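S.K.: here's my sequence, what's the structure:
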Amino acid sequence: MKNRACFFTMCSPPLKLCAGFSFCLAMASISPAEAARLEDRIIAVVNKDLIMLSELKRDLLPEQDRLRKLYRGDELERRLKTAEAMAVTKMIERKLQLQAAQNKGLDISDQEVVQAVEEMKKQGERLDSTDPNTTRSVREQLTLMRVVDREVRGLIS
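M.R.: A predicted model of the protein is given here:
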């Protein structure tokens, strides 16, 4: 938990404000009728990176399914809104962490991604190595693991 907060605190207060404001503005600026015909939109800007509604929907889907099995009515709506806000926060933090890694010059090779995908398949995970979202996700996970590894080593040394 401490490492996650560390990356977020590396950002300037205006950046934090901008990311939060972008999310609130995006969520409040669309009517239900417009949402029905809207395919994708920006929900947050994190420095130069965008977070799109389609990304949020993809990341949030498993949690929405879980909540829909457990809750109904107002309680379901409240929990869905909370889950959405938490997912956006997590996505912003992830973008900030990846940007910090990029600024530190951390790079994951294509070969490392291929090896990680193959290892995950051996462990029983169903991954489509031809899907760009899969390779992007694996690359991001490896990058964040490398950042944490370097941070921990720095604390031990």
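
S.K.: find the nearest non-adjacent residue to Y71, please.
M.R.: In space, and not counting its chain neighbours, Y71 is closest to R79: 5.7 Å by CB to CB, 6 or more residues apart in numbering. Every residue, glycine included, has its C-beta placed from N, CA and C.

S.K.: would you confirm that the one you found contacts R68?
M.R.: No: because the distance of 9.5 Å does not satisfy CB atoms under 8 Å, R79 is recorded as not touching R68.

S.K.: for the residue sitting nearest the centre point of the chain, give me its contacts.
M.R.: Computing the C-alpha centroid of the chain and ranking residues by CA atoms, centre = their mean puts M91 first, at 2.9 Å. Neighbour list for M91: A44, I51, E55, L56, D59 [criterion: CB atoms under 8 Å, 6 or more residues apart in numbering].

S.K.: residues of the lengthiest helix in the chain that come out buried?
M.R.: Counting residues, the longest helix in the chain under DSSP state H turns out to be helix 73-103. Across helix 73-103, burial judged by 16 or more other CB atoms under 10 Å covers 79-80, 84, 87-88, 91-101.
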